[in-house]
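**Q** Sharing a model that was predicted from the sequence below.
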Amino acid sequence: MTNANPFLELGPCPIWCSDDHTGQEHPDDQKHTLDLSPIPTVIRNGPGLRRDGYPARAADLSLVAFQRLEDREIWVSLVSDEEGITVSFESAVRIHTELTRLLDTITKSAYPHRQ
């Protein structure tokens, strides 16, 4: 039996894909996706190191990984309703490594009882 969606004829999804691909007939919609639950956060818009009145506010951020049909690359996005950033999977791994190092350094120096 042939499938009407050519995307699905390319083989099984990667194990991380949580999309059922329903309605992905248009090439712009054809992608594997892993969309995690929103993360409640407190954010500041504007340059982070300046002290000139950028107020903090609550926002839900979402982490999304995706791979389009025509791409070999996996992309990772951190997005809110208003803005976001998308980086390659390899870049996301480097950010994860450095963010972990930064948080570990702060935790060890500012919160020694948490070790």
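**A** Received, thanks. Numbering: from 1, shown residues only.
**Q** got the buried residues for the top strand by length along the chain?
**A** Ordering each strand of the chain by length in residues (DSSP state E) puts strand 56-68 first. By neighbour count on 16 or more other C-beta atoms under 10 Å, the buried set for strand 56-68 is Ala59, Leu61, Ala65, Phe66, Gln67, Arg68. Every C-beta, even on glycine, is put in place using the N, C-alpha and C of the backbone.
**Q** From these, pick the one nearest Asp81.
**A** Nearest to Asp81 among the buried residues of strand 56-68, counting by C-beta to C-beta, is Ala59 at 7.5 Å.
**Q** Do I have it right that the closest one meets Ile43?
**A** Yes: shown here, Ala59 and Ile43 form a contact pair, counting by C-beta atoms under 8 Å, at 4.9 Å.
**Q** For those two, list the residues in contact with both.
**A** When contacts are counted by C-beta atoms under 8 Å, 6 or more residues apart in numbering, Ala59 and Ile43 have Ser80 as shared neighbours.
**Q** which other helices and strands contact the longest strand of the chain?
**A** Secondary-structure packing of strand 56-68 (3 or more C-beta pairs under 8 Å, 6 or more residues apart in numbering; DSSP states H and E): strand 31-35, strand 39-44, strand 75-79.
**Q** Can you list the neighbours in contact with the helix or strand of the chain with the lowest mean pLDDT?
**A** When the helices and strands of the chain are scored by mean pLDDT, DSSP states H and E, strand 31-35 comes last with a mean of 87. Applying C-beta under 8 Å, 6+ apart, the contact partners of strand 31-35 are 13-14, 16-19, 24, 62-69.
**Q** One more pass at 10 Å, please.
**A** With contact meaning C-beta atoms under 10 Å, 6 or more residues apart in numbering, strand 31-35 is reached by 7, 13-21, 24, 62-71, 74-77.
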